[in-house]
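> fold the following for me, if possible:
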Amino acid sequence: MESSRALLDQRCSLLRSLHVAGAPLVLPNAWDAASARAVVAAGFPVVATTSGGVAATLGYADGQDAPPDQMFAAATRIARSVDTPVTIDSEAGYGLAPEVLVERLLDAGAAGCNLEDSDHAAGGLIDAQRHAEWLAAVRRAALGRGFGLVINARIDVFIGQDVQNVPDLLHDVISRARAYIDAGVDCVFPIVLSDVDVIRALLDAIQFPVNIFGVPPAPSYSTLKKMGVARISYGSSLHRQSMRELATNLGQLTRWSRRR
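The predicted structure follows:
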């Protein structure tokens, strides 16, 4: 038990050290043990999970539709299948108390987690101050267990919003980012896709490790690197692409079988 805990501590430290502005940690998100092993085999130093992909493999929709027990069981299988740090997309925390969430992450072998500020029950966003207080409680709970959990705070302000209202949205993102940073997170993850000027404004205002969603039409890796992004992730895009390829292959098999 002590050796496994020491190994997890090493993985937490490694994950945290890889958040370097201008040398971004690239995370192709996995959804099961097989895809996690593929990520590692391709040479990536960390595995991140996608809640959308994991939920889909379990037969549920994204957005905390899947039972937490099943999501954590899947995360545990992923973490046990690889010899690298694993950061788990924990959505908005499933309504769990901070101490319980930390315990579940620790039991799963997670070196890090994503925690988003969407209110999946009521819709919209969780109040920024309330969410910051909850994130601070998660940090305290982790520290209380001697657990160096790496927290990536996702900021969902831009999701579903009119891009014409960018200045007000940007102000809200920056305000939330600062509150979450003060709460003790390690990285902030504003969901911004393609606007280089918006990303640059965020980086200039926040001056802290920032995770950017790397799926096109996002800027290229080289552009994000030059801008000083510290982390690039891909959400459920690889899972969706794999499902499209599966559908194509199945369609070919169907046509082949009908010709026989």
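> what ranges do the helices span in the chain?
2-17, 33-41, 51-58, 68-81, 98-108, 128-144, 166-182, 196-206, 221-227, 237-259 (DSSP state H).
> now the ones you listed in TSV, with distance to residue 117?
Yep, even glycine has a C-beta here, placed from its N, CA and C like the rest. Listed next are the helices of the chain as TSV, based on distance: least, CB to CB, whole Å:
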stretch	distance to residue 117
helix 2-17	21
helix 33-41	26
helix 51-58	14
helix 68-81	18
helix 98-108	15
helix 128-144	5
helix 166-182	7
helix 196-206	15
helix 221-227	23
helix 237-259	21
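> deepest-packed of those helices, please.
Sort the helices of the chain by mean neighbour count, taking mean count of other CB atoms under 10 Å, and helix 51-58 sits at the top with a mean of 22.
> name the helices or strands packed onto it?
helix 68-81, helix 237-259 (3 or more CB pairs under 8 Å, 6 or more residues apart in numbering; DSSP states H and E).
> go ahead and confirm residue 191 touches residue 160.
No - Residue 191 is not in contact with residue 160 according to CB atoms under 8 Å; the separation is 9.9 Å.
> okay, the two: which has more neighbours?
residue 191 (19 against 9; other CB atoms under 10 Å).
> contacting residues around the more buried one?
Shown in contact with residue 191 (CB atoms under 8 Å, 6 or more residues apart in numbering): 154, 155, 156, 157, 158, 159, 213.
> if we go to 10 Å?
116, 118, 154-161, 173, 211-213, 235 (CB atoms under 10 Å, 6 or more residues apart in numbering).
> just the buried residues of those.
116, 118, 154, 155, 156, 157, 158, 173, 211, 212, 213, 235 (16 or more other CB atoms under 10 Å).
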